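> Build me a model from this:
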Amino acid sequence: MGVDIEELFLEGAKILTLKQFDRALEIFSKVLEMDPNHIKALEARAVIYMQKGEIELAQIDLEKAISIEPENARLYFRLGQVYYRKKDLDKALELFTKAIDLEPVYPAAYMARSQVLREKGMEEAADLELDKAVAVQREIAKARKVVDF
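Residues are numbered from 1 along each chain as shown. The predicted model follows:
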């Protein structure tokens, strides 16, 4: 009886929340040895690579994850962060927009888009994005209240 891959992943996730990046990296890499297409492990490992400043490695994991799950908005958001770190604002903007197209209720993606627009000197557009982020956040809160008797 081998190691349960999901238990291993959850252990990695727990260690990641404790910011023990090297240990978490080992665990997620082990998960990916067992299942190279484990989307959450690819994403988690990319997050760690970004923390460590290993942007190219993060990009490789995220592009692989997107090729497996092209409808996953979060992956485009993360890849947008990679391009933002690489100072490729146009590509970052494109990826944040793709995340929003896939998941219109995505406050963090609006915030990120606002940031990129501001850096491109487009203040008014940036402010509009911030307004959208707030509106979307409000929608989420309202939806939670409806469900939360």
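
> Give me the helices and strands touching the longest helix along the chain, please.
Longest helix in the chain, counting residues (DSSP state H): helix 123-147. Secondary-structure packing of helix 123-147 (3 or more CB pairs under 8 Å, 6 or more residues apart in numbering; DSSP states H and E): helix 107-119. For the C-beta atoms, the positions are set from N, CA and C on the backbone; glycine is no exception.

> Give the other helices and strands that the helix it packs on contacts.
Packed next to helix 107-119, using 3+ CB pairs under 8 Å, 6+ apart, are helix 73-85, helix 89-102, helix 123-147.

> for these, which one ends up most surrounded?
helix 73-85 (a mean of 22; mean count of other CB atoms under 10 Å).

> what sits up against it?
Residues outside helix 73-85 that contact it (CB atoms under 8 Å, 6 or more residues apart in numbering): 39, 43, 46-47, 50, 55, 58-59, 62-63, 65-66, 69, 89, 91-96, 98-100, 102-103, 106, 108-109, 112, 115-116.

> picking up where we left off before, by how many degrees do the longest helix of the chain and helix 107-119 diverge?
Orientation check (axes from the mean of the first three to the mean of the last three CA atoms, to 10 degrees): helix 123-147 against helix 107-119 gives 170 degrees.

> Distance check, the residue nearest to the spatial centre of the chain against Arg138.
Centroid-nearest residue in the chain, with CA atoms, centre = their mean: Arg78, separated by 3.3 Å. Per CB to CB, to the nearest Å, Arg78 is found 25 Å from Arg138.

> Would you mark the buried spots in stretch 32-47?
Neighbour counts using 16 or more other CB atoms under 10 Å place 32, 38-47 of stretch 32-47 among the buried residues.

> let me redo that: stretch 117-124
Those would be Leu117, for stretch 117-124 by 16+ other CB under 10 Å.

> which other residues reach the helix or strand bottoming out on mean pLDDT in the chain?
Ranking every helix and strand in the chain by mean pLDDT, DSSP states H and E puts helix 123-147 at the bottom, with a mean of 88. If you take CB under 8 Å, 6+ apart as the criterion, helix 123-147 is touched by 104-108, 110-111, 113-115, 117-118.

> again with stretch 11-20
With CB under 8 Å, 6+ apart, stretch 11-20 has contacts from 23-24, 27-28, 31, 41, 44, 47-48.
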